[in-house]
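Peer 1: quick one: sequence and predicted model below, then my questions.
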Amino acid sequence: MASIKTIHLAGGCFWGTEKYLGLIRGVILTRVGYANGTTENPTYEDVCRHGTGHAETVEAVYDAEILPLPQLLERFFLAIDPTAKDKQGHDVGSQYRTGVYWSSDEDEPIIAAALRTLQARRDAPIVVENEPLRCFYPAEDYHQKYLRKNPRGYCHIGQNLLDCAAQ
């Protein structure tokens with residue numbers, strides 16, 4: 001279907017970002033992984049401790065007829081602190097940076113416009129990356145749908161926002 005699209009969103013720890021995005025109507029599929037680093041097929045250990053340059057990222061497949069990209073981005077921005085460099089919640093490090101990574105050239109101006117709108121609402125500069133997707137490697141199986149398997153696991157996104165996403 002022409003309306004099925006994919007975007008990669010880095011919003012800090014990918015466990016919570018995946019859960020949040022997966023609750024939004026129009027998001028069909030989510031998968032966590034590592035994006036835009038320099039090492040092929042990194043492990044979690046590599047990303048956290050060996051400076052691979054990857055960001056913890058969620059691959060989101062969505063139906064653009066139900067959830068156009070500007071609306072998806074607006075909801076994504078609610079779940080992050082777009083002014084925090086290399087951290088979200090209690091997680092600190094470049095792997096927890098925020099970003100929107102695109103594969104389709106038609107998405108870049110939409111993302112740029114959404115970031116301009118976001119900046120207009122903020123006093124501090126936003127630091128959300130807007131870059132082409134250079135690489136994406138799926139994370140290990142135990143990270144996929146982590147918070148579904150471990151409901152009491154750490155999540156930097158508040159329950160109220162998760163509840164809102166589910167409506």
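Peer 2: Now that the structure is in, tell me what you want to look at.
Peer 1: lowest average confidence, helix or strand, in the protein?
Peer 2: helix 159-166 (a mean of 88; mean pLDDT, DSSP states H and E).
Peer 1: buried ones in it?
Peer 2: Residues of helix 159-166 classed as buried: 161-162, 165 (neighbour count, 16 or more other CB atoms under 10 Å). Every C-beta, even on glycine, is put in place using the N, C-alpha and C of the backbone.
Peer 1: likewise stretch 138-146?
Peer 2: Buried, per 16+ other CB under 10 Å, within stretch 138-146: 139, 143-146.
Peer 1: in the chain, which helix has the most residues?
Peer 2: Ranked by number of residues, the top helix in the chain under DSSP state H is helix 107-120.
Peer 1: avg pLDDT for the next helix or strand after that one?
Peer 2: Proceeding N to C from helix 107-120, the next assigned helix or strand is strand 129-132, under DSSP states H and E. Taken as a whole, strand 129-132 has an average pLDDT of 98.
Peer 1: partner strands of strand 129-132, parallel or antiparallel?
Peer 2: strand 98-102 (parallel) (DSSP bridges).
Peer 1: rewinding a little: average pLDDT across the longest helix of the chain?
Peer 2: On average, helix 107-120 scores 98.
Peer 1: so how far is that helix off the chain centroid?
Peer 2: The chain centroid and the centroid of helix 107-120 are separated by 15 Å, computed with CA atoms, centre = their mean, to the nearest Å.
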